[in-house]
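J.: sequence and predicted structure below; questions after.
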Amino acid sequence: MDFELSDDQVALVDGMRSLLAGRFDIEAVRALESGGGVERGRWSELAETGVFSLTLAEAAGGVGLGWADATLVFEELGRAVVPGPLVATLLAADLIDGAAAGEVVAGMIERPKAGEPAYVDYPDSIDTLLVLDSEGIWQISPASLALDVLHKPLDFLTPVGRVAALPQGERIADAAAAELARIRGAVLTSAIQLGLAEGACELATAYAKERQQFGKPIGQFQAIKHLCADMVTRIEVARAAVYMAGLCLDDDSIEVPARAASMARIVANNAASENGKDCVQIHGGMGYTWEVDAHLFLKRAWALAFAFGSSDDHAEIMATYV
């Protein structure tokens, strides 16, 4: 399998990276806390770039690219730690008017088991909530929810609201569409986590080159070299799995998309979490402070750990194909 990017894909990645460097640098991302992680002006800029209409056909007003291309874009979003219900809004683009254009911010969750509460990300920012279950995709107005917003979320750029009883809502798609949304959501979330793993590695290696101890950069010490090497290894393994899953969404003759998505989810979830922890460790005592950006990557990795299924959930799916 050839994972080399085409010239068009290289241009896509470069363009996205340039946009994010200019509009979503780390200071701008941190400033989004006051707006609950979503600022409408910047959200519209992402939409104008085509982030939420990547996979829509050109005839429908979309960009007309494939899911493999979408994974590249979402990898860059993760690398820049861009917050917001990015995956949910892209998945809602062909279901909800205005989502592709950035006019509607959509959330998406799995319906909880009977008697269990539901947890909704970005409760004050979303305009609509899509709920997946065994019968299809259901649309619920956030205004109808009795939300209890958590005061101390794990990731301060990913606010969370608790709903004791989730309404049924209006069904807008069937069970097959819901299952496809789960698979696609798992792949795009994995792409974001791949980007998080890369961003954490870049931050850690830059610090290891600059921080002096005993008269030389700490990156020259074997213990730090081993941590950095492990981070790079995790990234490359996760990249292969995520790119493979993106290709399978475009061509299911390569591999069963659900299996490829589960593999990507397991590997990328681990890479993001472990690289985030290693980044904090390489920064030493400073790594635990609010001012150092290392915690942003780690907390986002943890916040996404259960989106579209946990690693354990996807391991169970993988087991069914053995």
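T.: Here it is on my side, so go on. What you see is a predicted model, and the numbers here were worked out from it, not measured in a lab.

J.: from now on I want contacts and neighbour counts done on CA atoms only, so please keep to that.
T.: Fine.

J.: for the protein, which segments are assigned as helices?
T.: Ranges of helices in the chain, per DSSP state H, are 7-23, 26-31, 40-49, 67-79, 86-92, 175-210, 222-250, 257-282, 294-303, 311-319.

J.: give the buried residues for stretch 281-298.
T.: Gln281, Ile282, His283, Gly287, Asp293, Ala294, His295, Leu296, Phe297, Leu298 (16 or more other C-alpha atoms under 10 Å).

J.: pick out the lowest-pLDDT one from the residues you listed.
T.: Within the set of these, pLDDT is lowest for Gly287 (85).

J.: what sits closest to that one if chain neighbours are left out?
T.: Distance criterion C-alpha to C-alpha, 6 or more residues apart in numbering; nearest residue to Gly287, sequence neighbours excluded, is Val280 at 4.4 Å.

J.: in CSV, list the helices of the chain along with distance to Ile140.
T.: Listed next are the helices of the chain as CSV, based on distance: least, C-alpha to C-alpha, whole Å:
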stretch, distance to Ile140
helix 7-23, 31
helix 26-31, 29
helix 40-49, 21
helix 67-79, 26
helix 86-92, 13
helix 175-210, 15
helix 222-250, 28
helix 257-282, 27
helix 294-303, 23
helix 311-319, 25
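
J.: and of these, who's closest to Ala164?
T.: When these are compared by C-alpha to C-alpha, helix 294-303 sits nearest Ala164, at 20.2 Å.

J.: which residues are in contact with the closest one?
T.: Outside helix 294-303, the residues within contact range by C-alpha atoms under 8 Å, 6 or more residues apart in numbering are 81, 154-155, 158, 193, 196-197, 199-200, 203-204, 269, 272-273, 275-277, 279-280, 283, 287-289.

J.: hmm, back to that, quick one: closest of the helices of the chain to Ile126.
T.: Per C-alpha to C-alpha, nearest to Ile126 of those: helix 86-92, 9.4 Å.

J.: any chance you could list what contacts that closest one?
T.: Under C-alpha under 8 Å, 6+ apart, the answer for helix 86-92 is 51-54, 99-100, 104-108, 181, 184-185, 188-189.

J.: give the rounded mean pLDDT of stretch 37-49.
T.: pLDDT averaged over stretch 37-49 gives 96.

J.: so, low pLDDT: which residues of the stretch 151-300 of the chain?
T.: Regions of the stretch 151-300 of the chain meeting the criterion pLDDT under 70 are absent.

J.: again, 80 this time
T.: 212, 215, 217-220 (pLDDT under 80).

J.: grab the nearest non-local neighbour of Tyr321.
T.: Arg259 (7.4 Å).

J.: now Ile126
T.: Val105 (4.8 Å).

J.: got a list of what Leu5 touches?
T.: Applying C-alpha under 8 Å, 6+ apart, no residues contact Leu5.

J.: re the thing from before, I'd say the residue nearest to Tyr321 and Met318 touch.
T.: Yes. Counting by C-alpha atoms under 8 Å, Arg259 does reach Met318; the two are 5.9 Å apart.

J.: local confidence estimate at Glu103?
T.: Glu103 is given a pLDDT of 97.

J.: ok, the residue nearest to Ile126 - contacts?
T.: Pro85, Thr89, Ala99, Ser125, Ile126, Asp127, Thr128.

J.: quick one: it from Gly37, how far?
T.: 12 Å (C-alpha to C-alpha, to the nearest Å).

J.: Leu145 too?
T.: 20 Å.

J.: neighbour count for these two, which is higher?
T.: Gly37 (24 against 17; other C-alpha atoms under 10 Å).

J.: pretty sure that one is touching Pro83, no?
T.: Yes. Counting by C-alpha under 8 Å, Gly37 touches Pro83, with 5.6 Å between them.

J.: shared neighbours of those two, anything?
T.: With C-alpha under 8 Å, 6+ apart, Gly37 and Pro83 have common neighbours Leu157, Thr158.

J.: Glu116: which of the helices of the chain is closest?
T.: Between those, helix 311-319 lies closest to Glu116; by C-alpha to C-alpha that is 17.8 Å.
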